[in-house]
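Asks: Structure for this input, please:
(2 chains)
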Amino acid sequence: MALGMQGMWRTITSLGKGLSFGRRLPSSQASYSSLWQGGNLEMPRPIVLLDKREEIESLLLRLGTCEVPISKPFVPRQAWLESMRDYDEQHLGLVDLHPDVFGVPPRLDILHQVVAWQRNYKRISHAHTKTRAEVRGGGRKPRPQKGTGRSRQGSIRSPIWRGGGVAHGPRGPKSYYYMLPMKIRVLGLKVALTIKHAQDDLHIIDSVDLPTADPQYMMDFVRYRHWGDSVLIVDINDQMPENIVKATETLNTIGLIPAVAINVYSMLKYQTLVLTLPTVRFLEKKLLWHDTRFAPLYPYHMPYRDIP
Amino acid sequence: MATPKDGSGRQGSWTFITRDLEDRTAVPFAVYRTYSGAGGFWKTFSFGKTSKEPVAMQLPEPGPPVVPAPTSPPSLSYNPPESSDLEALLSSVLRDAYRTQTGPADWRCQDITSEPGRTQVLTRLARDLGRTVPGSQLHEMRRGEDVERFYSIPVRDKNRLEEMAVKELPANIKINWDYE
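Replies: Predicted coordinates for the structure are as follows:
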């Protein structure tokens, strides 16, 4: 799909913490963590798994179907449950995916808005030029008004002079901060997940356990599974097994992030998206909560900037 | 001018704040650095000892055993079997999976949305035919005929130029792979 955004950017989007320069909208006070207000703000707990076969079956039993109910005419999307423990563990089971997260209409305009926002809201441009009043000198009229046969000039630092000030140049640090409505950002995540799934770039694994910490195993594995040139692996917690951390540390085409760090920019930057099953349920729960909220996140009597 | 007391041997002269009560000549004002020493500005900073004794190189410890990679990634191309063979395979797989249910007589109308038969059908077909239904099309596999349609479409792995490269060409055709 010609989105024109694949693998060309070098900057990695991190959790946006908001800017200290300029006033912030109240909706942005807590950065990305404000996006995860699905009922309560508690972080998901790690799941400790014992035996492999039984654990996969119990995992499918517990997390194989959507927790949020699906309304009648819609059927869930599906994906294969895979594993990273061996090259050939590709068909451990089938996982249901909520259609309101993984089956929304592909809104490319929303994707563009969210990516542009992610790139710009942290930007502070420090370009600054001096005007004719700030350039040193230029207080005296260089020659008389009349009689010299030359053009009339009032100051040697006027913008038409070499070495003079800049007339309409950039003035000082400028902030490009703005906040997209929260529901637009949520919809952006849903659209990105839908497009990844629709283009067969989404894979679901039971956990990020690797048999070895060798980066070469990771590269061979990705090539064997035809996962593409770059892979973004998302686990539920930021505490991850040692093997995957060591294996992906030195590789720059394989990224490893916790679930709360998922964002549209990174999903488009990496070709393949790999989610663990608890991450899928977490994302569904948090993203679908916004579909049924009709009350403000904080009372209207507190200051808002974006209500007309 | 005072010289730095930490023995780092920095060049340049310093005026620095001292808390030594005996030395009343220190001026507690701005710290000046001059760059007249050998090496210029950056050499006024020393990041650790400059002279080290030679240390024997330590080889890295042998890591855990590497899982050997398969010889090559499996090809993504798929050639469907003969239609009669495909029908036979599909009918047997579907009947095995939905044996206990009183389904329609024709396996094509068999509904394959119910578990655990669905996983069994799709996994067995992926293993036997060498092609997996991709995630984007899994929700479209609702009946036996959907699966039959999917598995009767061939998939080509290579583009035409790559196919020509591996096949034997007539004597009067030559492919020039170098760009000039």
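
Asks: Please count neighbours and contacts with C-alpha atoms only from this point.
Replies: Fine.

Asks: what does the domain assignment say about chain B?
Replies: In terms of domains, chain B is parsed into B:12-47, B:83-151 (source: automatic domain parsing).

Asks: just checking, which of these comes out with the lowest mean pLDDT?
Replies: Among the domains of chain B, domain B:12-47 carries the lowest mean pLDDT, at a mean of 57.

Asks: for chain A, longest helix please?
Replies: The longest helix of chain A (DSSP state H) is helix A:182-198.

Asks: cool, chain B as well?
Replies: Max-length helix for chain B by DSSP H is helix B:83-97.

Asks: Touching the helix or strand that it is followed by from outside, list them.
Replies: Downstream of helix B:83-97, the first helix or strand assigned by DSSP states H and E is helix B:117-129. By Cα atoms under 8 Å, 6 or more residues apart in numbering or on different chains, the residues outside helix B:117-129 that reach it are A:91, A:93-94, B:80, B:90, B:93-94, B:97-98, B:112, B:131-133.

Asks: distance of residue A:175 from residue A:168?
Replies: Distance, residue A:175 to residue A:168, by Cα to Cα, to the nearest Å: 18 Å.

Asks: Look at those two and report which has more neighbours.
Replies: residue A:175 (16 against 10; other Cα atoms under 10 Å in any protein chain shown).

Asks: those strands in chain B, which residues are they?
Replies: B:14-15, B:32-33 (DSSP state E).

Asks: Tell me if residue A:78 really is in a strand.
Replies: Yes: counting by DSSP: H, G, I helix; E, B strand; the rest coil, residue A:78 falls inside a strand.

Asks: residues contacting it?
Replies: Shown in contact with residue A:78 (Cα under 8 Å, 6+ apart): A:94, A:95, A:96, A:97, B:135, B:136, B:138, B:139.

Asks: can you give me the helices in the chain?
Replies: I went with chain A, as the question did not name one. Under DSSP H, chain A gives helices at A:52-63, A:99-102, A:108-120, A:182-198, A:215-224, A:242-249, A:264-269, A:277-289.

Asks: meant chain B actually
Replies: B:83-97, B:117-129, B:135-138, B:144-151, B:160-166.

Asks: what about chain A, any weak spots by pLDDT?
Replies: A:1-51, A:308 (pLDDT under 70).

Asks: can you list the residues of it near chain B?
Replies: Listed as neighbours of chain B in chain A under the rule Cα under 8 Å from any Cα of the partner chain: A:75-80, A:91, A:93-94, A:197-200, A:202, A:211-214, A:217, A:220-221, A:223-226.

Asks: Are any of the residues you listed buried, and if so which?
Replies: A:76-80, A:91, A:93-94, A:197-198, A:200, A:202, A:212-214, A:217, A:220-221, A:224 (16 or more other Cα atoms under 10 Å in any protein chain shown).

Asks: Nearest spatial neighbour of whatever residue of the stretch 1-150 of chain A ends up closest to chain B, chain-adjacent residues omitted?
Replies: Closest to chain B within the stretch 1-150 of chain A is residue A:79: 4.6 Å, counting by Cα to the nearest Cα. Distance criterion Cα to Cα, 6 or more residues apart in numbering or on different chains; nearest residue to residue A:79, sequence neighbours excluded, is residue B:135 at 4.6 Å.

Asks: any idea how far residue A:275 is from the residue located most distally from the centre of chain A?
Replies: Relative to the centre of chain A, and counting by Cα atoms, centre = their mean, the farthest-placed residue is residue A:147 at 66.4 Å. In this view, residue A:147 and residue A:275 are 81 Å apart by Cα to Cα.

Asks: what does residue A:174 give?
Replies: In terms of Cα to Cα, residue A:174 sits 38 Å off from residue A:275.

Asks: higher neighbour count, these two?
Replies: residue A:275 (24 against 15).

Asks: Just list the residues touching the residue in the stretch 201-308 of chain A positioned nearest to chain B, thanks.
Replies: Using Cα to the nearest Cα, residue A:224 is the residue of the stretch 201-308 of chain A that sits closest to chain B, at 4.3 Å. Residue A:224 is in contact with A:87, B:70, B:72, B:73, B:74, counting by Cα under 8 Å, 6+ apart.

Asks: same thing but 6 Å
Replies: residue B:73 (Cα atoms under 6 Å, 6 or more residues apart in numbering or on different chains).

Asks: and the residue of the stretch 1-150 of chain A closest to chain B, what does it touch?
Replies: A:94, A:95, B:135.

Asks: please redo it, this time with the cut-off set to 7 Å
Replies: A:94, A:95, A:96, B:135, B:138 (Cα atoms under 7 Å, 6 or more residues apart in numbering or on different chains).

Asks: Quickly list what it is bridged to.
Replies: Taking DSSP bridges as the rule, residue A:79 bridges to residue A:95.

Asks: and it, how far is that from residue A:91?
Replies: Remark: distance between residue A:79 and residue A:91 (Cα to Cα) = 10 Å.

Asks: and what of residue B:93?
Replies: For residue B:93 relative to residue A:91 (Cα to Cα), the value is 17 Å.

Asks: what do you get for residue A:163?
Replies: 71 Å.

Asks: ditto for residue B:139
Replies: For residue B:139, the distance to residue A:91 - Cα to Cα - is 16 Å.

Asks: ditto for residue A:110
Replies: Taking Cα to Cα, one finds residue A:110 at 33 Å from residue A:91.

Asks: what does residue A:158 give?
Replies: From residue A:158 over to residue A:91 (counting by Cα to Cα), the distance is 74 Å.

Asks: and what of residue A:77?
Replies: 16 Å.

Asks: ok, now residue A:218?
Replies: 19 Å.

Asks: repeat for residue B:55
Replies: From residue B:55 to residue A:91 the distance is 52 Å (Cα to Cα).

Asks: Now do the contacts for the residue nearest the centre of chain A.
Replies: The centroid of chain A falls nearest to residue A:263 when counting by Cα atoms, centre = their mean (2.3 Å). Counting by Cα under 7 Å, 6+ apart, residue A:263 touches residue A:189.

Asks: And it, how close does it get to residue B:156?
Replies: 34 Å.

Asks: And for residue B:93?
Replies: Distance of residue B:93 to residue B:156, computed by Cα to Cα: 26 Å.

Asks: neighbour-wise, which of those two wins?
Replies: In this view residue B:93 and residue B:156 are compared by other Cα under 10 Å, and residue B:93 has more residues nearby, 19 against 13.

Asks: Nearest residue to the more buried one in space, please, no chain neighbours.
Replies: residue B:121 (6.2 Å).

Asks: Surely residue A:235 touches residue A:273?
Replies: No: under the criterion of Cα atoms under 7 Å, residue A:235 makes no contact with residue A:273, lying 11.1 Å away.

Asks: Who are the contact partners of the nearest residue to residue A:98 once chain neighbours are set aside?
Replies: Leaving aside its chain neighbours, residue A:98 sits nearest to residue A:76 (5.3 Å; criterion: Cα to Cα, 6+ apart). Counting by Cα under 7 Å, 6+ apart, residue A:76 touches A:96, A:97, A:98, A:99.
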